[in-house]
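A.B. asks: quick one, fold the following:
(2 chains)
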Amino acid sequence: MTLQSRTSRNAFWPGFRLAVYGMMFGIVFSSSAVLSQEATAEVDNASTMLAPMLAPAAPGNVTVEDAPNDAGHAVIVTFSQSQAPADGQALVLGYEIYRSLARSGPWKKVGAVPSDVDVTASLIYKDAGGSDKSSDDYLPTETDLFYRVRAVTADSTLYSDSEVSAPAQAVGQWWNSGRNPVFFFVLFFTLLTLYFLRVAKQRGDSLYIRPLAGIDAVDEAIGRATEMGKPILYVLGLGTASDIATIASFTILGRVARKVAEYQTDVIVPCYDPIVFTIAQETVRTGYMDAGRPDAYRDDQVYFVTQAQFAYVAAVNGTILRDRPATNIYLGKFYAESLILAETGAIAGSIQIAGTDEIAQLPFFVVACDYTLIGEELYAASAYLGREPLLLGALKAQDYAKAVIVVLAILGVIMSGLGYEGFAKAFEAVG
Amino acid sequence: MKRTVPIILAVSTASILALVFFLNRDFAMFFGVTPDDIKQEILIWVTIIGGFTLILGVVSILQVNLKSFSQKKPDRWYSLVTIISLLVMAIPGIFPGPETEVGKVLYTYLPSWIGVYGSQNGIIVNWLFDHLDAPMMSTMFATLAFYIASAAYRAFRARTLEATLLLVAAVLVMFWRVPMGEAVLNMVSPEIPEWINMILMRGVNASVQRGIIIGAALGAASMSLRIILGIERIYLGKT
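C.D. replies: This is a model prediction of the structure:
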């Protein structure tokens, strides 16, 4: 058994070795075959890369049209992209737009557009030039312009030019139709105001206007100051004389000054802007004169403080804490100082009336003041105080215009909800 | 005449500028002058007028504070500090710098400290501004944090239904804005921060803000129209 076993083992080993050698050969051979295949592929690739690339297909259908609704120094260039690169053609990265005053050139590059993944999509370029003849980007109006589009690749030597476009001209339109919605609203509002001015003239001051608590409080506050024998502090804010909120504040200051003069109390007006200071001085003086008490007016009632925001705040706060005015009125443009002023006034125990059209400052005034005129109420205040028929008429028109806007907004929500986007777009101002 | 001419000027200027808004730029030209040219010219005039009114302003400060000091009012020392501060800032400011031709001559006769505060720190006005004015203004601004706290304390007392709603909304928004608060809200439910953003901020808050903006714009338009129509004449000093 042992012998047999040895014999069979001796017979087994040569066959096993042969099989192992065969496998090793097979592995080596197959590896070398794979390597040789890869090598061949690399050579093929290398030969492909080294082969000269072809220029891309040219873009086409270059059309040029005048840009609508402008001053006449812009055109819109539309073109179809180059076809997808065929074998050997370079990939298009983008398109350069060239302009010339003659079909034969010379050409000037005016812009570029990146290529789109979807090569079937047409691309648009707006060539908006300047109106200054001496400037480099000048685009002449009512002159024939020719355009050409160049497909560019990573290789600056490989590109393709389109055909030259048909001539086109940039023509100006004197009326900006993109602002038609604004124009029609201004027209409507003006007519509405004129109508109510006429009504107000006929009815006098009997025209009904909605009550505003903040305005009613002004008279009450002046009366309180008179009773207490303390002054009224009137702050016009940090706005300049050209701000509409400051102009509205001047009108209220005028009415307050007249009442103050009638009640024989005192008003203090510290000013931030020197131009505002001079106008405020004139307004208060006129208010005293209208009340028949020019002798009661003093120059130190209205004074300039500083044009540094927080230095102004420090000065006004000092006045509030030293003079303890019975009433503080803050009307106009206010920024970060609004809460510092209003809180100091609250600490001093004054009645406070504030009003601004600065959205960010309104919460601070609402929190710290007794009455706050929110946004448009500031502009309505002068008409309330004056009770002049003409001003009341304008105020009535403002209310009706607001009602119309509310109705249109509700309609817009309903129409948009139903999928009629055209209604909302009709009110969209462009440009 | 004293009032007619300014009214004609105001009404015609406002009407032209309103009309120009609806015209394209090249066509909004009057006798070869564009609205931009007019605007630039007006800005120059405003600067000139502003310069003169600033002189009037300085006169006003001196007048008010000198009167207060001379009348021996209890707070007269504040007036004295104001006058001294004004002079300390103004006098070195109007002196020419040592690098100018006038300055070179001037400082041979005057002590150098009038215009210069050491070679390292530049002109005294800059030094005063950087080391006194700016820190003092920053301090005033910093007090805003305390005023916000005191105003919030008063506003968030839940006395009425509206105040309670304000309190709840404010607490939710504060939680959402502060990173730690947002993390806590996320732990409760990841949808809460998004809900606060969508319902409170982009819903209620944005719509109310837009309402106020529309109202204010309408009020400003009405005011402008009153000026154009000559109804509002406050810029003439008429009340």
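A.B. asks: next secondary structure after the helix or strand bottoming out on mean pLDDT in chain B?
C.D. replies: Ranked by mean pLDDT, DSSP states H and E, the weakest helix or strand in chain B is helix B:118-121, scoring a mean of 42. Of the helices and strands lying after helix B:118-121 in sequence (DSSP states H and E), the nearest is helix B:124-128.
A.B. asks: could you name the helices and strands sitting against the helix or strand just after that next one?
C.D. replies: Next in sequence after helix B:124-128, counting helices and strands by DSSP H and E, comes helix B:134-155. The helices and strands touching helix B:134-155, judged by 3 or more C-beta pairs under 8 Å, 6 or more residues apart in numbering or on different chains; DSSP states H and E, are helix A:309-323, helix A:337-348, helix A:362-368, helix B:161-177. Using the backbone N, CA and C atoms, a C-beta is placed for each residue, glycine as well.
A.B. asks: torsion angles phi and psi at A:Pro114?
C.D. replies: Main-chain torsions, A:Pro114, degrees, to the nearest 10: phi -70, psi 150.
A.B. asks: any idea how far A:Lys230 is from it?
C.D. replies: 70 Å (C-beta to C-beta, to the nearest Å).
A.B. asks: compare those two (neighbour count), which wins?
C.D. replies: Neighbour count, other C-beta atoms under 10 Å in any protein chain shown: between A:Pro114 and A:Lys230, A:Lys230 has more, with 17 against 9.
A.B. asks: tell me the secondary structure for that one?
C.D. replies: coil (DSSP: H, G, I helix; E, B strand; the rest coil).
A.B. asks: try A:Tyr147
C.D. replies: With three-state DSSP as the basis, the three-state label of A:Tyr147 is strand.
A.B. asks: which residues of the chain fall in helices?
C.D. replies: I'll assume chain A. A:2-50, A:180-203, A:213-228, A:244-263, A:274-290, A:309-323, A:337-348, A:362-368, A:376-386, A:389-417, A:421-425 (DSSP state H).
A.B. asks: other chain: chain B
C.D. replies: Taking DSSP H, the helices of chain B run over residues B:4-20, B:35-70, B:76-94, B:101-109, B:118-121, B:124-128, B:134-155, B:161-177, B:179-188, B:191-195, B:206-228.
A.B. asks: reformat the ones you listed as TSV; add distance to A:Val64 and mean neighbour count.
C.D. replies: As requested, the helices of chain B are exported to TSV (distance: least, C-beta to C-beta, whole Å; neighbours: other C-beta atoms under 10 Å in any protein chain shown):
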stretch	distance to A:Val64	mean neighbour count
helix B:4-20	30	13
helix B:35-70	29	14
helix B:76-94	59	14
helix B:101-109	59	12
helix B:118-121	62	9
helix B:124-128	57	17
helix B:134-155	56	14
helix B:161-177	52	14
helix B:179-188	53	12
helix B:191-195	48	15
helix B:206-228	39	19
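A.B. asks: so can I have TSV of these showing distance to A:Asn328?
C.D. replies: Putting the helices of chain B into TSV (distance: least, C-beta to C-beta, whole Å) gives the following:
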stretch	distance to A:Asn328
helix B:4-20	31
helix B:35-70	19
helix B:76-94	19
helix B:101-109	46
helix B:118-121	41
helix B:124-128	31
helix B:134-155	15
helix B:161-177	23
helix B:179-188	35
helix B:191-195	39
helix B:206-228	22
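A.B. asks: rank the ones you listed by pLDDT, which is bottom?
C.D. replies: Note on the helices of chain B: helix B:118-121 shows the lowest mean pLDDT, a mean of 42.
A.B. asks: picking up where we left off before, which of the helices of chain A has the lowest mean pLDDT?
C.D. replies: helix A:2-50 (a mean of 47).
A.B. asks: chain neighbours aside, what residue packs nearest to A:Asn180?
C.D. replies: Take A:Asn180 and drop its neighbours on the chain: the residue closest to it by C-beta to C-beta, 6 or more residues apart in numbering or on different chains is A:Ala429, 7.9 Å away.
A.B. asks: measure the residue nearest to A:Leu212 when sequence neighbours are not counted to A:Glu96 for me?
C.D. replies: The shortest distance from A:Leu212 to any non-neighbouring residue, by C-beta to C-beta, 6+ apart, is to A:Glu377 (5.6 Å). Using C-beta to C-beta, we find A:Glu377 at a distance of 57 Å from A:Glu96.
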